[in-house]
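Trainee: Need the 3D shape of this:
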Amino acid sequence: MKSIISFILFISGGSLFYSQLLITEVYYNTPFNEMLRYDKEINGVITEVNSKRHHRGEFVEIYNYSDKDINLKNWYLKDLQGIFWFPEVTIKRGEFMIIAYSPPTYNTSVFPELFATTAGKENQIIYQDQILLRNRKDRIALGYSLNGYILFEKSFIKWEFRDEPKTNLVPRIWNTPSAYYTIKSIQHHPNPQSTIDPNNQPNGYDIYNYTDTPNPLDATYVPDMTSYDELVKDEYQHYYSFLDWSNNVSILVNKICSINIGKISQNPSGYYSGNGSSCFSYDSAGNMISGTNCSSSTTPPSGSPGFSADELENIKSNITIYPNPVTSTSGYNVTISWSGAALGKIQKLQIFTSTGVQLYNYTPGSSSTSFNIQNQLPGTFVANFTLNSGQVVSKNILKW
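Mentor: Predicted coordinates:
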């Protein structure tokens, strides 16, 4: 009976999320013994039974075609029967990563022994024992989870034979690795005969896959490098409420500007009065720190020199926002309190949205206050604390 096979791969579709990673090669039919035999214990010793190199050499290759390094935390690989969650490793931009099958503990695979071209690139090889690719029919998919239980599939390859392919067993092949390359793998490639515009396809590019000599950590074709921001822009907006910001919380809550502005020393003297008869005091950098009615004064007001940068930082560090980030767990209630160096120095507290709309205004009568942002969209809010020196310190509040 004639065998038929079908390969399908969708990428960069308008409905996909985080589609900057792509499956570029799958090696599902190795020349090792793939009979489902089990090891058994004889006199307390594990003895292998016809499965010494069971499924060895199976691999899935993925490629990062974005212009940004990507942490694989929360990414997964799955087939029809199993799922493998990636460890927290980084795939660099324009780089391949191999996910290879390896039995656990006592008889592990060493992938470079099977494919010598990967020697010295062990940091691009991830071993897993959760997925065994079936030769007759299987489907391998690459995806991402936003919050641990909602899975977004990004790229997949599937194959199906009408009949079970003949075994490719090569006795003791680990002694002759060159024989490995006589077995073909499925490789991603665009269809050169296609007349379809991939930009108009709802499921992505018109793709076909073909079999060729395995070339892990390399490819005969890869898509052009694409801007990471462009790839995820629409999806960030669409799935905003699902996003897991855990990797960026400290940056979002305590954003520090890295720009240094040189100080210009100015020493204004005398007093300055106009129609309003107002006098002003300045610090050593020329910043106004106080102003008062001085129509009858002949000398500038002494004013306050204001708090130094270290003092401002100390005041800010004694202001606590809890919880932060704000989630449904707390009913979106926020409590702000201050102590230590901040006591007696805060004259006004204002909460603004990222667009500048004021949500809350508080003149301290105590050292804490609470408010609710349940009816606000997820995002970043700014808490401004006006001090008795006229200076302002700010802290961010994150809601998701």
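Trainee: Looks like residue 382 contacts residue 392 (just checking).
Mentor: No. Counting by CB atoms under 8 Å, residue 382 does not reach residue 392; the two are 10.5 Å apart. In short, each C-beta sits where N, CA and C put it, glycine included.
Trainee: For those two, work out which one has more neighbours and name it.
Mentor: Taking other CB atoms under 10 Å, residue 382 and residue 392 do not tie; residue 382 has more neighbours (15 against 12).
Trainee: mind listing what the more buried one touches?
Mentor: Residue 382 makes contact with 351-354, 394-397 under the criterion CB atoms under 8 Å, 6 or more residues apart in numbering.
Trainee: Spatially, which two of those residues are the most separated?
Mentor: Using CB to CB, these span at most 14.7 Å, a distance reached by 353 and 395.
Trainee: and residue 58, how many neighbours does it have?
Mentor: 23.
Trainee: cool, and residue 67?
Mentor: Residues near residue 67, counting by other CB under 10 Å: 15.
Trainee: Give me the distance between it and residue 22.
Mentor: Distance of residue 67 to residue 22, computed by CB to CB, to the nearest Å: 14 Å.
Trainee: burial count for the nearest residue to residue 224 once chain neighbours are set aside?
Mentor: Spatial nearest neighbour of residue 224, excluding adjacent residues (CB to CB, 6 or more residues apart in numbering): residue 65 at 7.1 Å. For residue 65, the count of nearby residues is 21 (other CB under 10 Å).
Trainee: I'd guessed residue 65 sits against residue 20; true?
Mentor: Yes. Under the criterion of CB under 8 Å, residue 65 makes contact with residue 20 at 6.4 Å.
Trainee: so where do the strands sit in the stretch 51-200 of the chain?
Mentor: Assigned by DSSP state E, counting those that start in this stretch, the strands in the stretch 51-200 of the chain fall at 59-64, 70-71, 75-78, 83-85, 90-91, 96-101, 125-128, 137-145, 151-160, 185-190.
Trainee: Report pLDDT for residue 229.
Mentor: Residue 229 is assigned 76 on the pLDDT scale.
Trainee: Show me what the helix or strand containing residue 371 is packed up against.
Mentor: Following DSSP states H and E, one finds residue 371 within strand 368-372. Taking 3 or more CB pairs under 8 Å, 6 or more residues apart in numbering; DSSP states H and E as contact, the helices and strands that strand 368-372 lies on are strand 333-338, strand 358-362.
Trainee: any idea which of the ones you listed is most buried?
Mentor: Counting by mean count of other CB atoms under 10 Å, strand 333-338 has the highest mean neighbour count of these, with a mean of 18.
Trainee: okay, and for the chain, where does confidence drop off?
Mentor: Applying pLDDT under 70 to the chain flags residues 1-19, 33-55, 104-109, 146-150, 174, 178, 190-209, 233-305.
Trainee: Please name the nearest non-neighbouring residue to residue 352.
Mentor: residue 382 (4.8 Å).
Trainee: what are the pairing partners of the helix or strand where that neighbour lies, and which direction each?
Mentor: Residue 382 is part of strand 379-387, with elements assigned from DSSP H and E. According to DSSP bridges, strand 379-387 forms sheet pairs with strand 346-353 (antiparallel), strand 392-399 (antiparallel).
Trainee: Determine which of the ones you listed approaches residue 99 most closely.
Mentor: Residue 99 lies closest, by CB to CB, to one member of these: strand 392-399, at 33.5 Å.
Trainee: Next, the angle strand 333-338 makes with the closest one.
Mentor: 150 degrees (axes from the mean of the first three to the mean of the last three CA atoms, to 10 degrees).
Trainee: overlap in contacts of residue 65 and residue 20?
Mentor: The contact sets of residue 65 and residue 20 overlap at residue 226 (CB under 8 Å, 6+ apart).
Trainee: got a list of what residue 116 touches?
Mentor: Residue 116 neighbours (CB under 8 Å, 6+ apart): residue 177.
Trainee: For it, give its distance to residue 175.
Mentor: 14 Å.
Trainee: again with residue 398
Mentor: According to CB to CB, residue 398 stands 58 Å off from residue 175.
Trainee: what's the answer for residue 226, then?
Mentor: From residue 226 across to residue 175, the span is 43 Å (CB to CB).
Trainee: who's more crowded, the two?
Mentor: Applying other CB under 10 Å to residue 226 and residue 175 shows that residue 226 carries more neighbours, namely 14 against 8.
Trainee: looking at it, that one is touching residue 63, isn't it?
Mentor: No. Residue 226 lies out of contact with residue 63 (CB under 8 Å); the separation is 11.7 Å.
Trainee: The closest residue to residue 177 other than its chain neighbours - how many residues pack around it?
Mentor: With sequence-adjacent residues excluded and distances taken as CB to CB, 6+ apart, residue 177 is closest to residue 114, at 5.9 Å. By other CB under 10 Å, 24 other residues sit near residue 114.
Trainee: Could you check how far residue 114 is from residue 370?
Mentor: As defined by CB to CB, residue 114 lies at a distance of 62 Å from residue 370.
Trainee: Which parts of the protein are helices?
Mentor: In the chain, the helices defined using DSSP state H lie at 111-114, 228-238, 249-253, 309-317.
Trainee: Angles on the backbone of residue 95, please.
Mentor: Dihedral angles of residue 95 (phi, psi; degrees, to the nearest 10) stand at phi -120, psi 150.
Trainee: residues in contact with it?
Mentor: Contact partners of residue 95, counting by CB under 8 Å, 6+ apart, are 63-64, 124.
Trainee: Show me which of the residues you listed is closest to residue 136.
Mentor: residue 63 (26.8 Å).
Trainee: which residue sits closest to that closest one, ignoring its sequence neighbours?
Mentor: Among residues not flanking residue 63 along the chain, residue 24 sits closest, at 4.6 Å (CB to CB, 6+ apart).
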